[in-house]
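K.L.:
here is my input; please provide its structure:
(chains A and B)
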Amino acid sequence: MPDRELRHWKSLVRERADREWRELSLEVVDELACHLADLYAAALRGSSTEPEARQAALDALNAASFLELSKRPRARRSPVGIVHDLRIAARQLLATPVVTAVAVLSLALGIGANTAIFSLVNSLSLRALPVKDPQRLAILDAQDNGSWTFPLFEEVRRRSELFDGIFAWDTERFDLANGGVTEFVNGAWATAGLFDTLGVRPIVGRAFTQGDDVRGGGPDGPVAVIGYTFWQRRFGGGAHAIGSRLTLEGVPFTVVGVMPPEFFGPDVGHRLDVIIPVAMLTTVRPGRSFEQRDYWWLNVMVRLKAGQSLDQATDAIRSLQPQIREATLPTGWPATDLVQYLKAPLTLVPAATGNSSLRQRYERPLLTLMVVVVLVLLIACANIANLLLARATARRHEWSVRLALGASRWRLVRLLLTESLLLSAIGAGFGFLVARWGSQLLVAQLSTQTNTVFLDLSVDWRVLAFTTGTTVITALLFGVAPAYRAAGVAPMEAIKEQGRSTGAGANRLSLANALVVVQVALSVILVVAAALFLRTFTKLATLDLGFDHDRVLVVRMSAERAPIAPAQRMAVFERARQAVAALPGVHTAALSFVTPLSGNNWGNRLEVSGGVALDDSRRSALRNQVSTGFFETYGQRLVAGRVFTDRDRDGSTPVAIVNEAFARRFLNGANPIGHTLRRYPMRAGEASLEIVGMVGDAVYRRLRDPVPPTVYSSAAQSIDNLPTEVFNLNVRTAARSPALQTRSVADAIASVDRDLALTFRPLSDQISASLTQERIVAILAGFFGALALLLAGLGLYGVTSYAVSRRRTEIGIRMALGAAPAGVVRLVLSRVSMLVGLGVLIGAGISSWASQFVATLLYGLEPRDPATLVGSAAVLTAVGAVAGWLPARRAARIDPAEVLRDS
Amino acid sequence: MEFTGAIREAKKGTAELVVLAFLDDEPRHGYELAQLIEERSRGALTFNFASLYATLYKLEERKWIQGRWVEKAGQRRRRYYKITDQGREVLAAQRKEWLQFFQLIRDLAGVRYA
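P.N.:
Next up is the predicted model:
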């Protein structure tokens, strides 16, 4: 006997029971279906045709009442059937596919956005490092200098009784290429303690040891441990990786181990491809020694002893601070600074979640975005609540009949909440997909050419808990209003008022109106936020930089591994500059020590002859060393005096060019030409510089910073003992995009010296990268602001349409009595404008209070920027007008005769 | 045959008796019972199938009958009901009561077999 027949009847029995809200046990459904199938088969065996037989069985089913049946305990499902509820809910959702689709879509976007931002917050700030017992990790807080010297680390490490483990590290990009165009990997210098302190062992090969961490390398020479993804990428995950050669910065290293896949290093946001011992610094960067007392470059992480609190550990290290500091006094520091050095207290900060510069930078933006997406979800909730309310009103009749027939109120409410939960869960399901895709996209946006951001976005219990919690809360938010309405239905009331349009309908409308006001208010907040961030971004992106960044290619030239005598380096760079400048298509080329917005800077305290008296803290100026042609290449305006010429070379008077900000700060705005400047306090043997020119202000380090006092000196005059391993060549192309010039520039430099390592980057990329954070915040806030507008518009439209349809009769009568269509439109719009007006007022009020919290993210405008507030209110009003006008127009077209006939 | 008035009322009370009686000879499943009742009463007695099962479950709750799923070769799995000892006692008692009732009616109302 085909089972299909039985299944068919089973589903009919179940559907019938659902319609009657009866819960039958599976066994009983089986038995009843079997009966019907027998009935059908018997009829077929008799003289009936197939449709007749089917109809006979159907008639039997339809004539049946499950009321008595469901009173029998065996027939009842036990425990009370959630599956049954879900089935009814699913059927209800399918019955109104458009409403369901709109709801699921808004929920998917709302919950998805929340999950996406939360998973970023989670991996950036909440997730513990994937290492052994991360709660016991702490970082030696380097507040004063941002990092530590190796000798200080060594002094702490020597006192092994302090901690269970300690290591120092510094991340850096290493060049894999052997000269020419660079190929960077994310690397780190680390002491051998990294592996034991973190409790992470290589999965293949070995870690490097104290024996490897010595000048020039241990018994195996220079060794490196590589990361899992790098192993996969470079060696295809093969065992042959161990023992193979890897050239880093021109130095051959032997790969000795591969770290496990989940390990990314002690820095969150940064995945290490290569780890090499710190002692290799001396080999890789000739001229540098890792033991230098004035070379600040390392982070220090420790593992606390079991049971040791952070405070105890801090006390322990502070008790030894005098000895540690005394033994590591930086060389060549002025006495006042040394006193500071000795006094600065050593402090430990928790590091279970790792170290991260990204965290500091993105914590506030992410928090802001989190608030934004929560608001979007709230608006979506209000919308769905309104949709469900409308449906609830349509179902009041059904409910009151059910109540009259003995269904309990609790059952009614439970069913409705199940429906909301199901809706929310489906939305969350899609939302999860949106989140996976969205968060990956976001992380990709965070990366720049020089900084590949890696965040572990795998789903953990926190993300799951967050999404589940959001789903449930969302369901409650939009499900409670209809459920509340259902609970208020009186058994026969709805039946009595069938066909009339008073009472409950009006109630539903006031609740719906309140929801619309809330939506509009929340949308105003989001639109204000979006406008603030978009304007911030636009202001920064169109900021007058003081130079022209189009068509400038920045070439970082590194002579670190080139066999060039240090004294000859500047001459080689200059020859490279001349070779490039001579290329067709190149307008000018100039050398500079620093390029703007590269993240690097150089500065010191200065004093000027005849200058104003300044506090020590106000004497800082940023410095740059540039060749001839620099100001021309950058299009930087000469205000007074002259630019550098070929005559400014070693042996001639040391000269400087300052910017206007410098003249304002140091000379109260007086003409600086002819004044001399020098380091403050002056060190022995240092020359004074004569100011020969003044240029316009130009952005140096950060777009947001006011242009700092800046001093340019001539690259041809070696007066500052600057390191000369690396210099930048700035190339302005005549017409072509600078990226297209890369090849010919590389060839021209190679013709001067093949061993220079070159990294290319258009200046506009560098500027764009410095705006990453602002761009992301602006794009997301703009997107969500638009989404909020759309949702609010839909909500307003829905409520107005509903109101119009309810007042059809009234409007028809008014029109029959002579009301003009324009009057009807006014009537409808006056309601809409009241709702929108109230919402805008509330929203604007909240915005002007809340905007203070994003003040630090803004640029060039006040948090309570009146134009933004007014503009946002206008946008909302316009959306409200459109959303209200469509139903109003429909109302004005009501045919009075038809209405009067119908009523 | 259509019953009206008093007989129709009385019919409602007979459902349990009829079901027990048909299960007295052998275990049967629900559909079989429905067919038998309809056949033997020549269509005079029919149950809506939902109430038939409601009756069966009621009798089962009272432990007068016992249901069991049985799978026979070439057939659907069906639930067979068989009468229990307690059910037999109830059936005997009810038969006796009905008999006494018929006699009473005969004596009082002059209803006789044709």
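K.L.:
for the lengthiest helix in chain B, what is the distance to the chain centroid?
P.N.:
For chain B, the helix with the greatest residue count under DSSP state H is helix B:85-109. Chain-centre distance of helix B:85-109: 14 Å, with Cα atoms, centre = their mean, to the nearest Å.
K.L.:
what is that helix packed up against?
P.N.:
helix B:5-25 (3 or more Cβ pairs under 8 Å, 6 or more residues apart in numbering or on different chains; DSSP states H and E). To be clear about C-beta, it is placed using only N, CA and C from the backbone, and glycine gets the same treatment.
K.L.:
pLDDT of whichever helix or strand comes after the helix it packs on, averaged?
P.N.:
Counting by DSSP states H and E, the next helix or strand C-terminal to helix B:5-25 is strand B:28-29. Strand B:28-29 shows a mean pLDDT of 92.
K.L.:
and the next element down the chain from strand B:28-29?
P.N.:
helix B:30-40.
K.L.:
quick one on the thing from earlier: buried residues in the longest helix of chain B?
P.N.:
For helix B:85-109, the neighbour count (16 or more other Cβ atoms under 10 Å in any protein chain shown) marks B:87, B:90-91, B:94 as buried.
K.L.:
likewise for stretch A:562-575?
P.N.:
So for stretch A:562-575, counting by 16+ other Cβ under 10 Å, buried means A:562, A:564, A:569-570, A:572-574.
K.L.:
my guess is A:Leu61 contacts A:Ala37. True?
P.N.:
No - with contact defined as Cβ atoms under 8 Å, A:Leu61 does not count as touching A:Ala37 (11.2 Å).
K.L.:
is it true that A:Arg556 lies in a strand?
P.N.:
Yes - using DSSP: H, G, I helix; E, B strand; the rest coil, the assignment for A:Arg556 is a strand.
K.L.:
what's the pLDDT at it?
P.N.:
On pLDDT, A:Arg556 comes in at 92.
K.L.:
what's opposite it in the beta bridge?
P.N.:
A:Asn728, A:Thr759 (DSSP bridges).
K.L.:
who are the contact partners of A:Leu756?
P.N.:
A:179, A:557-559, A:562, A:572, A:576, A:749-750 (Cβ atoms under 8 Å, 6 or more residues apart in numbering or on different chains).
K.L.:
which of those residues lies closest to A:Leu423?
P.N.:
A:Ser558 (59.0 Å; Cβ to Cβ).
K.L.:
for the closest residue in space to that closest one that isn't next to it in sequence, what are phi and psi?
P.N.:
Leaving aside its sequence neighbours, A:Ser558 sits nearest to A:Ala757 (Cβ to Cβ, 6 or more residues apart in numbering or on different chains; 4.2 Å). Listed backbone geometry of A:Ala757 is phi -90, psi 130, with angles given as degrees, to the nearest 10.
K.L.:
next step: the contacts of A:Leu756 restricted to strands.
P.N.:
Under the assignment DSSP state E, these contribute A:557-558 to strands.
K.L.:
in the contacts of A:Leu756, which has the lowest confidence score?
P.N.:
For the contacts of A:Leu756, the weakest pLDDT value sits at A:Gly179, with 73.
K.L.:
interface residues of chain B facing chain A?
P.N.:
Neighbours of chain A within chain B, by Cβ under 8 Å from any Cβ of the partner chain: B:29-31, B:34-35, B:48-51, B:53-54, B:57-58, B:60-61, B:74-79.
K.L.:
give me the buried subset of these.
P.N.:
Using 16+ other Cβ under 10 Å, the buried ones in these are B:29-31, B:34, B:49-51, B:53-54, B:57-58, B:60, B:76, B:78-79.
K.L.:
follow-up on the earlier one: quick one: which of the contacts of A:Leu756 is nearest A:His397?
P.N.:
Nearest member of the contacts of A:Leu756 to A:His397, counting by Cβ to Cβ, is A:Ser558, at 80.2 Å.
K.L.:
that closest one: neighbour count?
P.N.:
Residues within reach of A:Ser558, counting by other Cβ atoms under 10 Å in any protein chain shown, total 19.
K.L.:
ok, it - contacts?
P.N.:
Contact partners of A:Ser558, counting by Cβ under 8 Å, 6+ apart, are A:175, A:182, A:725-726, A:756-759.
K.L.:
and the closest residue to A:Phe454 other than its chain neighbours, which of the three is it?
P.N.:
Among residues not flanking A:Phe454 along the chain, A:Arg271 sits closest, at 3.7 Å (Cβ to Cβ, 6+ apart). Secondary structure, three-state DSSP: A:Arg271 is coil.
K.L.:
now the one 4 residues further on
P.N.:
Applying three-state DSSP to A:Ile275 yields a three-state assignment of strand.
K.L.:
tell me where the model's unsure across chain B.
P.N.:
For chain B, the stretches flagged by pLDDT under 70 are B:1-13, B:112-114.
K.L.:
mind running it again at 50?
P.N.:
Applying pLDDT under 50 to chain B picks out residues B:1.
K.L.:
likewise for chain A?
P.N.:
If you take pLDDT under 50 as the line, chain A has these spans: A:1, A:79, A:499-504.
K.L.:
show me the domain layout of it.
P.N.:
A:3-78, A:82-126+A:362-500, A:134-177+A:184-352, A:512-542+A:771-903, A:560-755 (automatic domain parsing).
K.L.:
of those, which approaches B:Leu20 most closely?
P.N.:
domain A:3-78 (16.9 Å).
K.L.:
what about the closest one, distance to the chain center?
P.N.:
Put simply, domain A:3-78 sits 56 Å off its chain's centre (Cα atoms, centre = their mean).
K.L.:
can you mark which positions in stretch A:230-249 are buried?
P.N.:
Buried residues in stretch A:230-249, defined by neighbour count with 16+ other Cβ under 10 Å: A:230-231, A:234-235, A:241-242, A:246, A:248-249.
K.L.:
before we move on, back to that, quick check: the residue nearest to A:Ser558 vs A:Trp849, distance?
P.N.:
54 Å (Cβ to Cβ, to the nearest Å).
K.L.:
do the same with A:Gln308
P.N.:
45 Å.
K.L.:
which of these two has more neighbours?
P.N.:
For A:Gln308 versus A:Trp849, the count of surrounding residues by other Cβ under 10 Å is larger for A:Gln308: 16 against 12.
K.L.:
mind checking the SS state of A:Gly216?
P.N.:
Relying on three-state DSSP, one would call A:Gly216 coil.
K.L.:
and the strand or helix carrying A:Gly187, what does it pack onto?
P.N.:
Per DSSP H and E: A:Gly187 is located in strand A:184-190. Where contact means 3+ Cβ pairs under 8 Å, 6+ apart, strand A:184-190 is packed against strand A:165-175, strand A:274-277.
K.L.:
rewinding a little: ok, residues contacting the longest helix of chain B?
P.N.:
Residues contacting helix B:85-109 (Cβ under 8 Å, 6+ apart): B:16-17, B:20-21, B:23-24, B:59, B:63-65, B:83, B:111-112.
K.L.:
surely A:Val594 touches A:Arg556?
P.N.:
No - using Cβ under 8 Å, A:Val594 makes no contact with A:Arg556, being 11.0 Å away.
K.L.:
quick check: A:Arg704 touching A:Leu858?
P.N.:
No - A:Arg704 is beyond contact range of A:Leu858, at 9.6 Å (criterion: Cβ under 8 Å).
K.L.:
for the residue lying closest to A:Gly641 once chain neighbours are set aside, name its beta-bridge partners.
P.N.:
In this structure, A:Gly641 finds its nearest non-sequential neighbour in A:Gly693, 3.4 Å apart by Cβ to Cβ, 6+ apart. Beta bridges link A:Gly693 to A:Gly641, A:Ile657 when assigned by DSSP bridges.
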